[in-house]
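Asks: Got a predicted model here, sequence first, then my questions.
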Amino acid sequence: MPARSRSRSHRFAALSIAISVALVMAACRPLPGSSRAPTSIPTRTLTKLAVGLGYLPSVQFAPFYLALQSRAYEGAGLEVTFENKIDPDLVILVGQGTLDIGVADGTSVIPAVSQGIPIKYVGTIYGTYPSIVFAKASSGIRTAADLEGKKIGIPGRYGSSWIMLQALLASAGLTPEDVTIVEYPDFGQGVAVQQDAVDAATGFANNEPVQLELEGIDTVVLRVDDVIALPGPGLIAGTATLDADEDAVARFVEATLDAMAEIEADPEVGLDAAIAAVPTLGADRETQAAILAATIETWTTKAGPFGAIDREGWAASLTYLTELGLVPNPVTLDDLVRDDLRSAP
């Protein structure tokens with residue numbers, strides 16, 4: 001792939017740290033470039049749900065944007081609002097009931113529930129664990145063992161990327177003390193790899209490596225899935241929310257999964273929805289299309305259709321994280337997941 005101009009580097013940085021992007025939800029008009037008209041909704045009382053997405057507004061959240069803009073949530077009797085938070089904050093806020101539903105990593109759910117945070121994982125979004133370590137191919141890094149003594153960029157010592165890194169290092173008999181951790185609270189670790197400020201970094205298979213490849217930079221990706229299939233990000237709900245109205249949660253899950261299926265069939269619909277929600281994404285449609293394509297690839301789950309929960313994988317992950325000392329108090333699989341809120345295919 002030919003190298004791109006240096007101006008693309010600036011766009012790469014902007015995409016990685018676009019913290020201040022405002023969400024613009026065009027809930028009452030058709031999607032740009034789509035012939036799909038908003039659903040006609042009869043007047044009725046809607047159940048309000050506050051939903052937490054990841055820290056940065058992103059094309060990766062296209063199913064949520066699509067379900068809102070097409071009024072699929074409204075058609076399901078829901079009034080949905082979104083907030084963007086980092087994974088650890090989302091877990092806490094959902095547990096407190098400040099947010100009803102959130103998107104959180106399965107590896108964050110296990111320690112959280114072990115510490116008494118009242119949440120359940122209710123639907124899989126990423127069937128393939130997306131958190132990875134990536135590096136330039138020129139770095140010479142090819143395996144987890146090659147990380148010894150290297151500088152590794154990471155947003156912070158928390159959340160799914162931190163858990164994944166510990167698991168990946170452990171697979172090679174290493175610990176975080178065997179590498180140099182460089183923290184990037186602004187999520188700028190992708191730029192740090194690009195500029196050789198670090199040797200490698202944590203990120204997502206459908207984000208930073210995709211952008212680097214578009215810049216003409218060959219990359220190496222290390223996946224913890226090669227060690228154990230950890231549960232990826234999915235939908236979580238507070239137990240209080242489930243107790244109060246589990247049917248509303250089920251309807252939200254179904255509407256979101258329907259939007260995922262629609263985007264898989266026609267990615268342009270999802271791309272248009274993301275750009276309508278976050279207009280700055282339209283400045284580089286090529287990059288966003290590539291990120292969305294990589295995201296769609298991660299949605300398939302071994303357990304079956306979209307949303308299905310791989311109970312065997314969760315059980316193995318629970319055992320593995322316990323062995324790593326990341327589960328302070330014993331929990332069972334039923335403490336962690338609810339796999340009865342998705343309609344049968």
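Replies: Received it, and whenever you're ready, just let me know what you need. Numbering: from 1, shown residues only.

Asks: For residue 204, list the residues it contacts.
Replies: Residues near residue 204 by CB atoms under 8 Å, 6 or more residues apart in numbering: 60, 130-132. Heads up, the C-betas are built off the backbone N, CA and C, glycines and all.

Asks: Please report phi then psi for it.
Replies: With angles defined as degrees, to the nearest 10, residue 204 sits at phi -130, psi 140.

Asks: Also residue 129?
Replies: Residue 129 adopts backbone torsions of phi -60, psi 120, taken as degrees, to the nearest 10.

Asks: coming back round to it: including distance to residue 86, pLDDT and secondary structure, could the contacts of residue 204 go into a markdown table?
Replies: Output for those, formatted as a markdown table (distance: CB to CB, whole Å; pLDDT from 0 to 100; DSSP: H, G, I helix; E, B strand; the rest coil):
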| residue | distance to residue 86 | pLDDT | secondary structure |
| --- | --- | --- | --- |
| 60 | 15 | 95 | helix |
| 130 | 16 | 89 | coil |
| 131 | 14 | 89 | strand |
| 132 | 18 | 93 | strand |
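
Asks: Columns distance to residue 47 on top of those residues, output as TSV?
Replies: Putting those into TSV (distance: CB to CB, whole Å) gives the following:
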residue	distance to residue 47
60	26
130	30
131	32
132	37
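
Asks: Looking at the residues you listed, which is nearest residue 190?
Replies: residue 132 (11.7 Å; CB to CB).

Asks: Skip ahead from the helix-or-strand element of the chain with minimal mean pLDDT and say which helix or strand is next.
Replies: Ranked by mean pLDDT, DSSP states H and E, the helix or strand of the chain with the weakest confidence is helix 7-16, at a mean of 43. The first helix or strand that comes after helix 7-16 along the chain, using DSSP states H and E, is strand 47-53.

Asks: In its sheet, which strands sit next to that following strand, and in what direction?
Replies: strand 78-84 (parallel), strand 101-105 (parallel) (DSSP bridges).

Asks: quick one, which of the ones you listed is packed in tightest?
Replies: Burial of these is given as mean neighbour count (mean count of other CB atoms under 10 Å); strand 101-105 ranks first at a mean of 27.

Asks: any idea of the mean pLDDT for it?
Replies: Mean pLDDT, computed over strand 101-105, is 94.
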